[in-house]
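Participant: Quick one: sequence and predicted model below, then my questions.
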Amino acid sequence: MKIASFNINGIKARINALPEWLDEAQPDVVVLQEIKSVDENFPRELFEDRGYNVETHGQKSFNGVAILSKLPLEDVTRGLPGDDSDEQARWIEATVMGDHHPLRVCGLYLPNGNPAPGPKYDYKLAWMQRLQNRAEQLMAEEMPFLMAGDYNIIPQSEDAARPEVWTEDALFRPESRTAFRKLINLGLTDAFRARDPRPGQYSFWDYQAGAWNKNDGIRIDHFLLSPACADTLTNCAIDKDIRAREKPSDHVPIWVDLAI
């Protein structure tokens, strides 16, 4: 089963680029972030015509997450538990059936948190605590699961071309990285690092200052796998070359292959 994550930075802006990549990559399941569309305006037919079931959790102009799946999606839920007042569309999860096991797929768009310190950073850290709580619940349920998406976290210095410029940024502050390590310490596996330990591997390049041409990137899109899910991991890679195409997102897809 090939599962991908892609922050598309607006479905309207990526209305050609996203289907083109889907046709080439042929993932079975995709979690999308920053669709920037309310549910009723999401172009479902574009993906249903390609054999995907479509579930969205949208929001006008901002945020928004979705799951596209060639497999049936069961028990779909929207919104990260733990704060009924949170109206930001950043979390969606569903169960898909593999050949041997069910898999809980969680798609997330973690808050950026800048400027930090400040209210937006407080929201980021509180959201990460809710994410920790949800991961603990899923671990207790013992179904294989993964949490994939744009984490807005640079885990280590080797995940940035110039780590020194990110020191005070919400993506790299010690509190952010500590919260990420707490997730890992539950027993989750950073799928990309499990397959590729090399520095210089990035998933995001800013549109400004020629970042792409300079390879001035950061790795902030991640797959975290539960132990039972990690046992089925056969590959994980970043589709870097997508960033060089016409009207690209500032992120590129990352994907895993699971023998599940």
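Facilitator: Structure received.

Participant: so who does the closest residue to residue 162 other than its chain neighbours touch?
Facilitator: Nearest residue to residue 162, sequence neighbours excluded (Cβ to Cβ, 6 or more residues apart in numbering): residue 216, at 6.4 Å. Where C-beta positions appear, they are placed from N, C-alpha and C, glycine not excepted. By Cβ atoms under 8 Å, 6 or more residues apart in numbering, the contact list for residue 216 reads 161-162, 205-206, 209-210.

Participant: Would you mark the buried spots in stretch 156-171?
Facilitator: The neighbour-count check on stretch 156-171 (16 or more other Cβ atoms under 10 Å) flags 159-161, 166, 169-171 as buried.

Participant: same question, stretch 210-228
Facilitator: For stretch 210-228, burial by neighbour count (16+ other Cβ under 10 Å) applies to 211-212, 216-226, 228.

Participant: again with stretch 83-93
Facilitator: 86, 88-93.

Participant: same deal with stretch 116-127?
Facilitator: For stretch 116-127, the neighbour count (16+ other Cβ under 10 Å) marks 116, 121, 123-125, 127 as buried.

Participant: Tell me which of those fall in helices.
Facilitator: 121, 123-125, 127 (DSSP state H).

Participant: For the residue most central in space within the chain, give me its contacts.
Facilitator: Nearest to the geometric centre of the chain sits residue 149, at 0.6 Å (Cα atoms, centre = their mean). When contacts are counted by Cβ under 8 Å, 6+ apart, residue 149 touches 5, 7, 31, 33, 65, 107-110, 221-222.

Participant: Now flag whichever of the buried residues of stretch 83-93 is closest to residue 50.
Facilitator: Within the buried residues of stretch 83-93, proximity to residue 50 (Cβ to Cβ) peaks at residue 92, which comes in at 19.3 Å.

Participant: hang on, isn't the closest one packed against residue 76?
Facilitator: Yes - using Cβ atoms under 8 Å, residue 92 is in contact with residue 76, at 7.1 Å.

Participant: Now the common contact residues for these two.
Facilitator: Counting by Cβ under 8 Å, 6+ apart, the contacts common to residue 92 and residue 76 are 55, 67.

Participant: and the closest residue to residue 251 other than its chain neighbours, how many residues sit next to it?
Facilitator: Spatial nearest neighbour of residue 251, chain neighbours left out: residue 7 (3.8 Å); criterion: Cβ to Cβ, 6+ apart. Neighbours of residue 7 under the rule other Cβ atoms under 10 Å: 26.

Participant: So residue 7 is in contact with residue 36, correct?
Facilitator: No - counting by Cβ under 8 Å, residue 7 stays clear of residue 36, with 10.7 Å between them.

Participant: Excluding chain neighbours, what is closest to residue 111?
Facilitator: Counting by Cβ to Cβ, 6+ apart, the nearest residue to residue 111 once its immediate chain neighbours are dropped is residue 124, at 4.2 Å.

Participant: circling back: residues in contact with the closest residue to the residue nearest to the centre of the chain other than its chain neighbours?
Facilitator: In this structure, residue 149 finds its nearest non-sequential neighbour in residue 108, 4.0 Å apart by Cβ to Cβ, 6+ apart. By Cβ under 8 Å, 6+ apart, the residues touching residue 108 are 31, 33, 65, 80, 90-91, 131, 147-151.

Participant: Could you single out the nearest of those residues to residue 44?
Facilitator: Distances from residue 44 to the contacts of residue 108, taken by Cβ to Cβ, are shortest for residue 65, at 14.7 Å.

Participant: Local confidence estimate at residue 107?
Facilitator: If you check residue 107, the pLDDT there is 98.

Participant: right, I mislabeled it, should have said residue 224
Facilitator: Here, the pLDDT recorded for residue 224 equals 98.
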